[in-house]
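Colleague: Fold the following for me, if possible:
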Amino acid sequence: MRIGLDFDNTLVRYDDLFHRTAMESGLIPPDVPSEKTAIRDWLREVGQEEEWILLQGEIYGSRIAEAPPFEGILDFVRACSETNCCAFIVSHKTRHPNLGPPVNLHRAARDWLASHGFFQAGIDPSNVHFETTRADKIERINSLSLAHFIDDLPEFLLEPTFPSDTQRILFDPGGRHPEHVAYCRAESWKDIQSTVFGGCP
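Modeller: Now for the predicted structure:
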């Protein structure tokens, strides 16, 4: 069985780091929730779209090492390895930030995977694919003939060109999204493990 995993906000938990970095930079007041989407929405509402783009570049680049993996993801990767499942990481990620220092975001992400033990847990480094467009991400998923793909964005899983023979699993740790006939929804990696190895509830 071949299983695909998104990277940002699926393997990496950014919320606390976004909040801490935005507070350090004086971009948000303390009462903005410690959630990436809440910080993004607040900055956009006050006309600070450029600051939001710069913040993303900093978090995904020079400060990514400070972001932890989601609880249970390494156990899931080990379970895949122990059951002879082949896990792939397929992510839509630009090579450099749109604004700010030209950090290599692909290299930073690979370094994060190495430092948190993903390769030791069973991910083959050659099975990590960072695509610069959403269309290329879908094309990669299709070419890999994946049985399952896990992503945090419902709009991506609902793309008309998403491979119909790949089971879609929405990683929704905050329980923000409704159920949908097109995908299974899971709020933890433990739930995802049950879904992948036991079927969608």
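Colleague: switch to C-alpha atoms for all contacts and neighbour counts from now on
Modeller: Noted.
Colleague: so where do the strands sit in the chain?
Modeller: 2-5, 86-92, 128-131, 148-151, 167-171, 183-186 (DSSP state E).
Colleague: What residues of the second one count as buried?
Modeller: What that stands for is strand 86-92. 86, 87, 88, 89, 90, 91, 92 (16 or more other CA atoms under 10 Å).
Colleague: And the contacts of it?
Modeller: 1-8, 77, 80-81, 122-124, 127-134, 136-137, 140-141 (CA atoms under 8 Å, 6 or more residues apart in numbering).
Colleague: again, 6 Å this time
Modeller: 2-7, 127-134, 137 (CA atoms under 6 Å, 6 or more residues apart in numbering).
Colleague: For this protein, give me the ranges with low pLDDT.
Modeller: Applying pLDDT under 70 to the chain flags residues 201.
Colleague: how does it divide into domains?
Modeller: With domains defined by automatic domain parsing, the chain comprises 2-13+68-198, 15-66.
Colleague: end-to-end on stretch 16-35?
Modeller: In stretch 16-35, first residue to last residue: 7 Å (CA to CA, to the nearest Å).
Colleague: The closest residue to residue 192 other than its chain neighbours: neighbouring residues, count only.
Modeller: Leaving aside its sequence neighbours, residue 192 sits nearest to residue 186 (CA to CA, 6 or more residues apart in numbering; 5.8 Å). Counted with other CA atoms under 10 Å, the neighbours of residue 186 add up to 24.
Colleague: Just list whatever residues bridge to residue 186.
Modeller: residue 171 (DSSP bridges).
Colleague: if we can go back for a sec, export the strands of the chain to a markdown table and tack on distance to residue 65?
Modeller: Shown next, in a markdown table, are the strands of the chain (distance: least, CA to CA, whole Å):
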| stretch | distance to residue 65 |
| --- | --- |
| strand 2-5 | 19 |
| strand 86-92 | 18 |
| strand 128-131 | 18 |
| strand 148-151 | 21 |
| strand 167-171 | 22 |
| strand 183-186 | 26 |
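Colleague: hmm, back to that, select, from the buried residues of strand 86-92, the two members most distant in space.
Modeller: 86 and 92 (20.0 Å; CA to CA).
Colleague: Quick check: buried residues in stretch 78-88?
Modeller: For stretch 78-88, using 16+ other CA under 10 Å, the buried residues are 78, 79, 80, 86, 87, 88.
Colleague: ugh, wrong one, stretch 146-153
Modeller: 146, 148, 149, 150, 151, 152, 153.
Colleague: repeat for stretch 115-126
Modeller: 118, 121, 122, 123.
Colleague: and which of those residues is nearest to residue 62?
Modeller: residue 118 (19.6 Å).
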